[in-house]
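Colleague: A structural model of the following input is requested.
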Amino acid sequence: MSHLVTTTKTGIKSFGDIKGKKVSVGAPGGGDQILSNIILNAAGIDPDKDIQKQQLTQPEGVMALKDGNIDAVFWNFAAPGSAVLEVAAVRDIVLIPLPQDVVNNIVEKNPFLFSYNIAKGTYPGIDEDILTVADGNFLVVREDMPEELGYNLVKTIIEKAKAFMDVTQQASHFVPKEASVGIIPFTSGSIKYFKEQGIDMK
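Modeller: Next up, the predicted model:
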């Protein structure tokens, strides 16, 4: 999910405040920059004209934000992200929400992205939900996967989510409502499982 992070020292309080500021959009060709450009384009902000564009890796962005050499940074990772926590350990951070109309524009034009709220309390000092966009991770299989195998695969992943929590906290999202959202067709076995959970797979 996208994080737009700044500190209390920059005076940036809303998305529009990044205009004219030193903002890192991520390293060239990286996922951070790809998503940053999608967001900025949807907001009508030209990264080459409307901001003082920086192209930093995540570790470089952490150091620059802590040292006050940039005003804000776009990062794309699951929350809570270690880069944000590292900055928060020494600075008072601010997470900037995306405007609702920008999110709507992004989701409409990019079906692989969806609206998401970073829950309050995820990071120190963040006492309200932060609207952003997120991209999902997808398990891709052969189109001719046997129905029984597809059914058992999805059932096992979802119903054993607690075991996956030892590997990644993102396993908390291994629930039917979220897992049934995709961008390519589902296997017949997974459709069968989701329907049993009361989810209409049109």
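Colleague: any weak-confidence spans in this protein?
Modeller: Scanning the chain for pLDDT under 70 picks out 202.
Colleague: kindly recompute the last result at 90.
Modeller: Filtered on pLDDT under 90, the chain yields the residue ranges 29, 31, 78-80, 111-112, 114, 135-139, 161-184, 200-202.
Colleague: tell me where it has helices.
Modeller: Assigned by DSSP state H, the chain shows helices spanning 31-42, 58-67, 82-88, 100-109, 147-159, 161-164, 176-179, 188-196.
Colleague: need these in a markdown table (columns: mean neighbour count and distance to residue 9).
Modeller: (Glycine included, C-beta is placed from N, CA and C.) Below are those laid out as a markdown table (neighbours: other CB atoms under 10 Å; distance: least, CB to CB, whole Å):
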| stretch | mean neighbour count | distance to residue 9 |
| --- | --- | --- |
| helix 31-42 | 20 | 22 |
| helix 58-67 | 18 | 10 |
| helix 82-88 | 18 | 12 |
| helix 100-109 | 15 | 25 |
| helix 147-159 | 16 | 44 |
| helix 161-164 | 13 | 39 |
| helix 176-179 | 15 | 36 |
| helix 188-196 | 18 | 47 |
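Colleague: same list (those helices) but as CSV, adding distance to residue 75.
Modeller: Supplementary listing: the helices of the chain in CSV, determined by distance: least, CB to CB, whole Å:
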stretch, distance to residue 75
helix 31-42, 6
helix 58-67, 6
helix 82-88, 6
helix 100-109, 16
helix 147-159, 27
helix 161-164, 24
helix 176-179, 22
helix 188-196, 31
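Colleague: for residue 170, find the nearest of the ones you listed.
Modeller: Residue 170 lies closest, by CB to CB, to one member of the helices of the chain: helix 161-164, at 8.4 Å.
Colleague: relative to the whole chain's centre, how far out is the closest one?
Modeller: Put simply, helix 161-164 sits 21 Å off its chain's centre (CA atoms, centre = their mean, to the nearest Å).
Colleague: picking that back up, so which of the helices of the chain is nearest residue 134?
Modeller: helix 31-42 (9.3 Å).
Colleague: got a list of contacts for that closest one?
Modeller: Outside helix 31-42, the residues within contact range by CB atoms under 8 Å, 6 or more residues apart in numbering are 2, 25-27, 46-47, 50-51, 55, 58, 74-76, 98, 102, 105-106, 109-110, 113, 133, 135.
Colleague: right, I'll call it a day here.
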